[in-house]
Structure formats: structure tokens, C-alpha cells
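[1] my questions are about this predicted structure, shown below with the sequence.
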Amino acid sequence: MVPWKAAWSTALYGPHGFYRGDTGPAGHFTTSSHGPLGAVLAEALGVLADREGATHVVDVGCGRGELLVHLHSARPDLRLTGVDVVERPSGLPGAISWLSAPGGATLPDALVDLEDALVVAHEWLDVVPCTIAEVVGPGRLALVLVDPVTGVETPAAEGPADEDLAWCARHWPVEDRAVGSRVEVGLARDRAWADLASRVRRGTMLAVDYGHTRDARPAGGTLTAYRAGRIVDAVPDGSCDLTAHVAVDSLEHDELTTQRDALRSLGIDTRPPAPDLASSDPSAYLAGLVRSSAAAALTEEHGLGRFRWVYRRIDAA
Ligand SMILES: C[S@@+](CC[C@H](N)C(=O)[O-])C[C@H]1O[C@@H](n2cnc3c(N)ncnc32)[C@H](O)[C@@H]1O
């Protein structure tokens, strides 16, 4: 039995880790970086880059570069860099630079001195492994241990490290929580985000992720596993993705908003094309329908529109 954080790291980023597999995340689940949604998201990021004065977009945890490929076709004037745990995927347009990362909270050494950059982390922090703890008595937490082969869990005799407990006291207090409720301690994500910030001299960081804030922390935990498009049991054996929502308000930030509001502020229009276009230019009409449907999906109030957008602006000059 090992603490979840260690088992999770090996399962995703060990030598045979899930994310080192050939297909990449897109082989197992769909995100807003893929297909027509990715095209609209890329369009929005282009607008954001202009608004923030960025000429270089860095996508940390970029999968196989899906969002960057969309961005490259929409905005060939922007410098683009992808960062993920594999070697540069074959077939990626030559204009897109690539850095390979160790994975999880650890970023590549070569990712430094970013200037005039928009640094995007789209669904990265939710796969940065974190400590998982369980309430075992009034205000008392125990580490949750897991068997990496079966996924069977048991509370440890000991509690989380002091630094994790300090994070909980500040961001996820448990005094009023029922026995058995869980905490996904955000310290590892806060530190990974801070490490990313330390590589930026001047620019804007944007994390887009599933998240929660102190007023509504989930009681049962959010750890979820995906394999081949389906939710499966959370077994840290390298055969499935393992993800847990991000305590977004504990990340150092300048602005915290929802995807719905963020995309609206960037001018993403969800209105369908004018009906007359169907007869005057059927293919433009169809393309417009695909685009407006994607924009509607990205901003849907009870769906993807609830994703959190976390901004941090840096000028270390
Ligand atoms: C949930 S997937 C999201 C992929 C893509 N951003 C998207 O939205 O489709 C998370 C990705 O983060 C990558 N990742 C995890 N830790 C990383 C790190 N330290 N540096 C770069 N990429 C990392 C994983 O390999 C995986 O491809």
C-alpha cells in the first residue's frame, strides 16, 4: 500500500506511465482542444494573446499538440511551443517548437526566460498528482493509501505531512467535515503553478481546468479514472488516466473566472449563421453551424462553460 500521490505519479509518468502511451490523451478522452471545439478555443487564445501583448504561446501539457495545430492554422504569426512528456510527435507542423517534460509537477529545465508569452495549461494541473487524505475523526486527517494493482484503499495510521496540513487549514478546513469525507490537497498543484511562473519573465499564465473554490469543496473527492473514453475504477496501474479537480483559488492568481465568461469577454459568438446563407453559400453555412455549435458547447452554462480560467500576469523586469 502506498500513498495515492506516489502511486498516481508512477501510474501516469513512470517508465510505463499512462501518458507515455502511443495514442496520447486523445486516444482515451476528448477535451476542448480537439476537433471543432479546439478550433474555437484556439481562436479565443489568439484574441487573448493579442489582448495580453503576447507573441509566443506556450502550451504546457499539450497532449500531442492538438490545440497548437489549431492555433497554427488560425494564427501563423504567433510563435508556438508545445510541452508534454513524450518526444516531439511526428507530423507536427515544423513551425511548432517542442519540449519534453519529466511529467506531473516537474517541468523541463529548458523551459525558462519566457518573454511576451501566453503560457497555457489546459487540463494540466488536474493530472499533477496530489496528496489524498480522509477525515478519520473530528478535524483529524489520515493519508489514503492505495494498492497499485487492485486500487483497494485504506487510511494510513499517519496523517499528511505538516505542509499539507497547513495547506488544508488555509484552503480546505475539515473541522466540520464528516468522517470518511476526503481532501485532495492542492499544495502540489500550487507549487507546480509557481514553478511554471518562475520560468516566465514577462507574460500571462492561464490555467484552464475543472475546479472548485473554498465555498464549495467537494465532500467525496473527485479522483476519476478514464480509459478508452469510459470512466473506470481508479486503479493506479498505468492503464488509465487519473485526474482530480483543482482547488483553483489556492493557485496564485490575478483573475479567476469561468470559461463561459472568459470566452464571452474574448468575443466568442455562439449565434448560428444567418438562415439565408444556407441557400447563398451552403458550405459557409455548414462551417458556420459547426463553429457556432462548438462555441455553444464551450460556453454551456452547466457543461464546459463551468471550467475555471485562472490568470496570472508576470512582469519580472
Ligand atoms: C488531461 S491531458 C490534457 C491534454 C491537452 N492539454 C488537452 O487539453 O487535450 C494532460 C496532459 O498533460 C501532460 N503533462 C503532465 N505533466 C506534464 C508536465 N510536467 N509537463 C508537460 N506536460 C505534462 C500529460 O502528459 C497529458 O498529455
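    Received it, and whenever you're ready, just let me know what you need.
[2] wait, Phe277 touches Ala284, no?
    Residue 277: Leu, not Phe. Yes: here Leu277 reaches Ala284: they are 5.8 Å apart, a contact under Cβ atoms under 8 Å. No exception for glycine: its C-beta is placed from N, CA and C like everyone else's.
[3] so for these two, which residue has more residues nearby?
    A direct count of neighbours by other Cβ atoms under 10 Å for Leu277 and Ala284 places Leu277 higher, at 17 against 12.
[4] quick check: that one vs the ligand, distance?
    Distance from Leu277 to the ligand, counting by Cβ to the nearest ligand atom, to the nearest Å: 31 Å.
[5] try Asp109
    Remark: distance between Asp109 and the ligand (Cβ to the nearest ligand atom) = 12 Å.
[6] how many neighbours does that residue have?
    Residues near Asp109, counting by other Cβ under 10 Å, number 10.
[7] can you classify it as helix, strand or coil?
    Using DSSP: H, G, I helix; E, B strand; the rest coil, the structure places Asp109 in coil.
[8] repeat for Phe29
    Phe29 - assigned by three-state DSSP - is coil.
[9] likewise the one 10 residues further on?
    Three-state call for Ala39 (three-state DSSP): helix.
[10] what's around it, how many residues?
    Ala39: 20 surrounding residues under other Cβ under 10 Å.
[11] who's in contact with the nearest residue to Ala44 once chain neighbours are set aside?
    Excluding its sequence neighbours, the residue lying closest to Ala44 (Cβ to Cβ, 6 or more residues apart in numbering) is Leu266, at 4.5 Å. Taking Cβ atoms under 8 Å, 6 or more residues apart in numbering as the criterion, Leu266 is in contact with Ala44, Val47, Leu48, Arg51.
[12] give me the domain ranges for the protein.
    The record's domain parsing of the chain by automatic domain parsing lists 1-29+131-184+212-241, 31-126+186-210+245-317.
[13] export those to a markdown table and tack on mean pLDDT?
    Below are these laid out as a markdown table (pLDDT from 0 to 100):
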| stretch | mean pLDDT |
| --- | --- |
| domain 1-29+131-184+212-241 | 95 |
| domain 31-126+186-210+245-317 | 97 |
